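the following comprises the amino acid sequence and a computationally predicted model.
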Amino acid sequence: MSKEKRFKNLDSETKSTYFYGIIFLFLIVVALVVKFIPNKEKEEKSVKENTTIEETFNYKSLLNNISDNYELDIIINKYYFNEYINIKKQGLNEIIDIKKYDSNNTYNQDDTINEDIDMTFITPQSILRLLNINTYNDGNKYMIESSNYLKLYNELNNTNLEKIVSGEISIEFLSHENNEYVIKMDLTNLYKNLNYDYESVTYNLKFYNINKINLSNNN
């Protein structure tokens, strides 16, 4: 007798038992498959979280690796106009080009920069020191309250600048690829404490040509 005929000869109760048994086995198989298939969304979230932690941890190392040999482009936006600065630095030697109002001024190491551009927090070392006194941070963005950064400002410049307004400045790491580092700084609060009346002041810094500058012929 074939299996098909045997199945037809079974009573309805036995057929129901077979039917529900098959469904039960099917559900067990589905549950096992779902359990062992990786959850892509959870994996991506985990990788993203780990990457963020790793990158946040490495920002100070990135600044340390820049050393004292680099080229730096800075775009300063003071609300309604831009200024461009290019710095080539090798140890104690540096050349600074500042383009402002369609005119270009070049400064050597011993020149006085007579511009309303503050250069205190543009070196890797000074940025690193700001990170060390940050008030709080969120991933790749660091906030530094005015009392903290003003104390460092006075130390670096041998000044006695007092707080005019409370608030924060920020440092945001935008990218670090191909040995180039891009950082955005909101220094509006600093300029207000320097008694400038700018609605907003942001610096976009790009460090590149790291360890490739040679200014030895410019001594």
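Received, thanks. Quantities reported herein were computed from a predicted structural model and do not represent experimental measurements.

now residue 72: which helix or strand?
Taking DSSP states H and E as the criterion, residue 72 maps to strand 69-77.

return the distance of that strand from the chain's centre.
Mean-position distance between strand 69-77 and its chain equals 16 Å (Cα atoms, centre = their mean, to the nearest Å).

could you do stretch 165-179 as well?
Distance, centroid of stretch 165-179 to centroid of chain: 6 Å (Cα atoms, centre = their mean).

list of residues touching that stretch?
Outside stretch 165-179, the residues within contact range by Cβ atoms under 8 Å, 6 or more residues apart in numbering are 55, 59, 62, 121, 127, 130-131, 134-135, 140-146, 149, 181-190, 192-193, 208, 210. Placement of C-beta: from N, CA and C, glycine included.

give the rounded mean pLDDT of it.
The average of the pLDDT scores along stretch 165-179 is 94.

mind listing what's buried in it?
Buried residues in stretch 165-179, counted by 16 or more other Cβ atoms under 10 Å: 168, 169, 170, 171, 172, 173, 176.

can you map out the helices along this protein?
Taking DSSP state H to define them, one finds helices in the chain at 3-9, 12-36, 40-66, 124-132, 146-157, 188-193.

so what's residue 83 bridging to?
residue 76 (DSSP bridges).

isn't it right next to residue 103, touching?
No - counting by Cβ atoms under 8 Å, residue 83 does not reach residue 103; the two are 10.8 Å apart.

out of the two, which sits in the busier spot?
Between residue 83 and residue 103, counting by other Cβ atoms under 10 Å, residue 83 is the more crowded of the two (17 against 7).

OK, contacts around the more buried one?
For residue 83, the contact set (Cβ under 8 Å, 6+ apart) comprises 75, 76, 98, 99, 100, 117.

report the lowest-confidence entry in the residues you listed.
Ranked by pLDDT, those bottom out at residue 100 (85).

find me the pLDDT at the residue lying closest to it once chain neighbours are set aside, would you?
In space, and not counting its chain neighbours, residue 100 is closest to residue 83: 4.8 Å by Cβ to Cβ, 6 or more residues apart in numbering. On pLDDT, residue 83 comes in at 93.

please apply the same query to residue 36.
Listed pLDDT for residue 36 reads 63.

for the strand holding residue 72, buried residues please.
For strand 69-77, the neighbour count (16+ other Cβ under 10 Å) marks 69, 70, 71, 72, 74, 76 as buried.

need the contact list for the first one.
Contact analysis of residue 69 by Cβ under 8 Å, 6+ apart lists 89, 90, 91, 210, 211, 212, 213.

please repeat the previous calculation with a cut-off of 10 Å.
88, 89, 90, 91, 93, 209, 210, 211, 212, 213, 214, 215 (Cβ atoms under 10 Å, 6 or more residues apart in numbering).

which residues does the second one form a beta bridge with?
The reference is to residue 89. Beta bridges link residue 89 to residue 70, residue 94 when assigned by DSSP bridges.
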